[in-house]
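Asker: quick check, what structure comes out for this input:
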Amino acid sequence: MRIQVHWQEEVVSKFPELIICTGVIRGVKVQSATPETEKLRNEIFEEARRNFVLETLKDHPIVRAYRDFFWSLDIDPTKIRPSGEALLRRILQGKNIPKISNVVDAYNLASLKTIIPLSGYDLDELFPPLVIRFSEKDDVFRGIRMASPMRLERKMLLLTDQRRILCIYPYRDADATKITDETKNALIVGYGAPKVEAERLREAVSIALELIRRVAGGTIEGVELHRCTA
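Answerer: Model prediction:
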């Protein structure tokens, strides 16, 4: 299945280098943590502790690129961190990552491993084509673990489909389209930033799909890059 992505002209004008990456996996079996999931967590946690140091993480080129991008969106990245950095920081601080399900845990681990923000969506709940646009005054969004919807008062970068907002780019996903125990087919999205190479995004999404297949089965349909064009 080819995922179409449309870009608002204002986004193209402001962020001409922006790229996102999508990947589809079908026939997954979503369930709570399994021995295989736990083994995977331990492997990637240990790898992260070997490869990164908390005190110098802010200077890593990918971390720096997303932080600069956040500032350009009027988001303070020391208060709202890109998901890849946030997950990695938790491990380097000796904390753990909440266990959600095998599929969600798998793409979170891929995000931790690559420092690339990733989302997972129930593909059958989406209404493509997807759109990257700035928020409008009447936009309302309810994210995962939000008690009630919020009105988007200022201009924010969004990923939407033809009916609703899927994500406040690139750090908060919608509750309505999240992966649940009923999900059979999943869409993984890797969110780019200026100065983040396209192949980094492709690698992150590819790793996420492979980890999902390892713990939840399924058939990978492929990975696509979507460049910022009007």
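Asker: name the strands paired with the helix or strand bottoming out on mean pLDDT in the chain and say parallel or antiparallel.
Answerer: Least confident element among the helices and strands of the chain, by mean pLDDT, DSSP states H and E: strand 150-151 (a mean of 90). Strand 150-151 has the following strand partners under DSSP bridges: strand 140-141 (antiparallel).
Asker: starting at the chain centroid, how far to the partner strand?
Answerer: Relative to its chain's centre, strand 140-141 lies at 19 Å (C-alpha atoms, centre = their mean, to the nearest Å).
Asker: so which residue is dead centre in this protein?
Answerer: Geometric centre of the chain, nearest residue: L118, 1.8 Å, by C-alpha atoms, centre = their mean.
Asker: that one pairs with what?
Answerer: Beta-bridge pairing of L118 under DSSP bridges involves G190.
Asker: against P149, how distant is it?
Answerer: The gap separating L118 from P149 is 24 Å, by C-beta to C-beta, to the nearest Å. No exception for glycine: its C-beta is placed from N, CA and C like everyone else's.
Asker: how about the helices of this structure, start to end?
Answerer: Here the chain has its helices, by DSSP state H, at 9-14, 35-51, 61-72, 83-92, 102-114, 198-216.
Asker: isn't the residue nearest to the centre of the chain up against G192?
Answerer: No: contact between L118 and G192 fails when scored by C-beta atoms under 8 Å: they sit 11.3 Å apart.
Asker: quick one: buried residues of stretch 170-188?
Answerer: 170-174, 176-179, 183, 185-188 (16 or more other C-beta atoms under 10 Å).
Asker: and for stretch 128-137?
Answerer: 130-135.
Asker: any chance of TSV for these, columns pLDDT?
Answerer: Formatted as TSV, the buried residues of stretch 128-137 follow (pLDDT from 0 to 100):
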residue	pLDDT
L130	98
V131	98
I132	97
R133	97
F134	96
S135	95
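Asker: dump the residue contacts of Y191.
Answerer: Each residue near Y191 by C-beta atoms under 8 Å, 6 or more residues apart in numbering is listed here: 20, 116-119, 159, 167, 169-170, 201.
Asker: of the residues you listed, which is the nearest to R213?
Answerer: Each of the contacts of Y191 was checked against R213 using C-beta to C-beta; the closest is L118, at 15.2 Å.
Asker: what about that closest one, distance to C167?
Answerer: From L118 to C167 the distance is 11 Å (C-beta to C-beta).
Asker: overlap in contacts of these two?
Answerer: Residues touching both L118 and C167 comprise 189, 191, with contact defined as C-beta under 8 Å, 6+ apart.
Asker: what ranges in the protein fall below the confidence cut-off?
Answerer: Residue ranges of the chain with pLDDT under 70: 1, 230.
Asker: isn't D68 right next to P82, touching?
Answerer: No: using C-beta under 8 Å, D68 is not in contact with P82, being 10.8 Å away.
Asker: of those two, which one has the most company?
Answerer: More crowded of D68 and P82, by other C-beta atoms under 10 Å: P82, with 25 against 13.
Asker: show me what contacts that one?
Answerer: By C-beta under 8 Å, 6+ apart, P82 lies in contact with 63, 66-67, 70, 115, 117, 170-171.
Asker: mind listing what the residue nearest to T22 when sequence neighbours are not counted touches?
Answerer: Excluding its sequence neighbours, the residue lying closest to T22 (C-beta to C-beta, 6 or more residues apart in numbering) is I3, at 4.5 Å. Taking C-beta under 8 Å, 6+ apart, we find I3 in contact with 22, 24, 128-130, 187, 224, 226.
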